[in-house]
Structures are given as structure tokens and as C-alpha cells.
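Novice: Sequence first, then the predicted structure, then my questions.
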Amino acid sequence: MPYSDAPHLTASEPSAAAADIRLIVTDMDGTLLDDDKQVPDGLWEVLALLRERGVLFSPASGRQYATLAREFAEVADGMVFIAENGTYVVRDGKELSSDPLDPAVVTRVVAAVRRLAAGGVDVGAVVCGKRSAYVERTDEAFLAEVRRYYVRHEVVEDVAAVEDDIIKVALFDFGSAEETTAPALAPFADTHQVVVSGEHWVDVMNRTANKGAALRRLQRELGITPAQTLVFGDYLNDLEMLDAADWSFAMANAHPEVVRRARHLAPANNDNGVLRTVVRLLGLPVGGL
């Protein structure tokens, strides 16, 4: 449900009502990370304070689990990683939930991507398995984008023939994913999710898979309510996750639909909006934020 008429709370307006927050979930790219893909100043200090208070911090991203685990390697104990847009959730190396695609669907999506590429669209598929990501394109420009999000990846001859549980097919479009690739995948939207997860990325997943569904399962397992959940997001793949939290924040740089859907507004990712909001809402003793 959209909350366009709800009052927006900025990080400069702390509220004691947020003192009972037990779970903080944040998207990575465009949200926690700045535009240079760097973690914000003060992150590790804030995470240590949250752990002392018993507040669980969970990255929720379209990124691969291995990529997220590497980013947070020094503080990963007990942390829940909502990876691959909610299709794969892991804690301490153990799978909590997953939502694999039918192999026949993977084959059809890959065929559609190949047709797009043959028609002149500069696009490539990343077939995302539990063990690794798989690609066919070998040009450095494409592989450089893959490496940003998929630490563990393999170049194979046929991405539709790999032996793995495939949880998502991600497409990187060097143009506009929202204007070109997503409309071309519209036939899959009748039975599956076709989600624009960034300016250049589109993800195809099971209809039952999204960050919000993963978050709701996690809340049930941990006995944490939406009123005790704080969520940050910036793009369309964050919408369902925002709906699962009373304390839902769109970044100031967010997609307009995300701003409409969230209850509150945080400073932009380049202004360290996530940490500034967390510090003020929870009253953490962190200077400089």
C-alpha cells in the first residue's frame, strides 16, 4: 500500500517511538553504499553498537550471497544476508530459505536475452545459482559489471545448461533496463516477477520471491514485528520490503515510486543517509553523523 500521504521523517527528526527497533534491513547499491560503491564512514562502529543492543542488521540486495559475505566478512557472525533479491537467505553459512526457478523457465529467459542481443541490444544474462553465477559473455566491459555484484562467477559455454539450483536470472543492459530490457521480458510477467532492480539491471524470479517475502519469513522466525523493523531502499526491487516495515525509509535519491511507497524519507546515499537515520532514531553515541 502506498504511503504518499504519510508524513516524511528525515534523519534530523529523531523519535523515541523507534527505540524498540530490533531489526534493520537495508538495500546496498544506491542505499547503504555511495555512488562509488563504498561503505559509509562509521558503518563498523554503528554495527558494533547495534550488536551490543541486540539489534540485528541485515543487508538485503540483488547482490550474490558470496559478495555480501565478503563485504561484511569481519562482522558476519549471526548476520542474516538477504541475497539475490530475497531468493536466497543465509545466516552463518546456513540456508534459511530459497526459491529456485524451474530450469525450463531459465532456458526460456536465456533464449529471450539471446534474441535481444541478436537484435542489437547490448545486454547479457547472469544466471544466478546457489553455488555461483554463470555468464556467456566474455567481453571485459560486461565482466567488469558482473564482478561488482558477483564475486563468485564462471564463464561457461551455455548458461542454460549449468548444474546448480538457479534462483534468479539477472540481465545487464548497457542502455536503460526499464525502457528496453524489461518491456521485452513482459511475457514472463504473467507467471514470474520481472523486476527493474537498477538503471541497468532487470531480474527474473519466481512470483513468490522478493525481498519483502524474505523479510516477512525472517520476522516470523525471529518473532520480530513490522513495528520493530527499520528498512531502507531506493529502487523498485525494494518496494515489497518497504511494505513489511512500519519504519520504511526511501532514500532522497530513490526512484519516485519508492518515495511514494515508503512512510519516511532519509538523506541520499551519498549523504550517508542510512547511518545518519539509524544513529538519530536509535540515539546511538556516534559522533560526526
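Specialist: That came through fine. What you see is a predicted model; the values in this text were computed from it and never measured.

Novice: Run through the residues that contact Val151.
Specialist: Gln64, Ala66, Thr67, Arg70 (Cβ atoms under 8 Å, 6 or more residues apart in numbering). In this view, the C-beta of every residue, glycine as well, is placed from N, C-alpha and C.

Novice: Might one say that Gly273 is in contact with Ala254?
Specialist: No: with contact defined as Cβ atoms under 8 Å, Gly273 does not reach Ala254; the gap is 9.8 Å.

Novice: looking at this protein, which helix or strand is least sure?
Specialist: strand 192-196 (a mean of 91; mean pLDDT, DSSP states H and E).

Novice: per-residue confidence averaged over whichever helix or strand comes after that one?
Specialist: Downstream of strand 192-196, the first helix or strand assigned by DSSP states H and E is strand 201-206. Mean pLDDT, computed over strand 201-206, is 95.

Novice: What is the helix or strand just after strand 201-206 packed up against?
Specialist: Heading C-terminal from strand 201-206, the first helix or strand you meet, by DSSP H and E, is helix 211-222. When contacts are defined as 3 or more Cβ pairs under 8 Å, 6 or more residues apart in numbering; DSSP states H and E, helix 211-222 packs onto strand 23-26, strand 80-83, strand 88-91, strand 94-98, strand 229-233, helix 239-243.

Novice: In the second one, which of the residues would be classed as buried?
Specialist: Within strand 80-83, the residues that qualify as buried by neighbour count (16 or more other Cβ atoms under 10 Å) are Val80, Phe81, Ile82, Ala83.

Novice: for the fourth one, same thing?
Specialist: Along strand 94-98, these residues count as buried under the neighbour rule (16+ other Cβ under 10 Å): Leu96, Ser97, Ser98.

Novice: neighbours of the residue nearest to Pro267 when sequence neighbours are not counted, just the number please.
Specialist: With sequence-adjacent residues excluded and distances taken as Cβ to Cβ, 6 or more residues apart in numbering, Pro267 is closest to Gly273, at 3.6 Å. By the measure other Cβ atoms under 10 Å, the count of residues near Gly273 is 28.

Novice: With Gly175 instead?
Specialist: Around Gly175 there are 13 residues (other Cβ under 10 Å).

Novice: any idea how far Trp201 is from it?
Specialist: According to Cβ to Cβ, to the nearest Å, Gly175 and Trp201 sit 12 Å apart.

Novice: hmm, who's touching stretch 60-67?
Specialist: Against stretch 60-67 from outside (Cβ under 8 Å, 6+ apart): 25-29, 68, 81-86, 88, 90, 128, 130, 133, 149-152, 170, 197-198, 201, 203, 211, 214-215, 237-238, 241.
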